[in-house]
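Trainee: Got a sequence here, can you model it:
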Amino acid sequence: MPITTLYAFPLALIFLILTYRTIRYRRDNRISLGDTGDKALLKRMRVHSNCAEYTPIGLIVLGLAESINASVFALHAIGLSLVIGRALHAYGMSQTPQILSLRVSGMVLTILSIFLGSLYAFLIVVAQRLLL
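Mentor: Purely as a prediction, here's the structure:
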């Protein structure tokens, strides 16, 4: 699945950057477990967790669509939307104060890539089964 692999790399980089930011903050502030009420740490944890929550399903949808030979254009649209969405959300939410327009735009792109990608793949499978 070369197209899915192409998008997995930047998504993994985003995730690893967010991981590093959280770990570094914990180390610098000697916070081992939980958030101890530290709002800056909680924000970093939520940005990181949000990426961990949405990225896997986005990659699964992309991979499934690729596995049933979805159009290359559609696959790139799904992948780009997911990468741009995750980057916008992470950046917008990480800022103090948050840049709400980037956070919201990032979530919209992420959710659209997951929903439209899965709908598109579903419709391909249904059409293939009906034509058999």
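Trainee: ok, for the residue nearest the centre of the chain, nearest residue in space, not its chain neighbours?
Mentor: Taking C-alpha atoms, centre = their mean, the centroid of the chain lies closest to T55, which sits 3.3 Å from it. Counting by C-beta to C-beta, 6 or more residues apart in numbering, L11 is the residue found nearest to T55 once chain neighbours are left out, at 5.2 Å. (Each C-beta comes from the backbone N, C-alpha and C, glycine too.)
Trainee: picking up where we left off before, in the helix or strand harbouring the residue nearest to the centre of the chain, which residues are buried?
Mentor: According to DSSP states H and E, T55 maps onto helix 39-67. Burial within helix 39-67, assessed by neighbour count using 16 or more other C-beta atoms under 10 Å, is assigned to 41, 43-45, 47-48, 50-51, 54-55, 58-59, 61-66.
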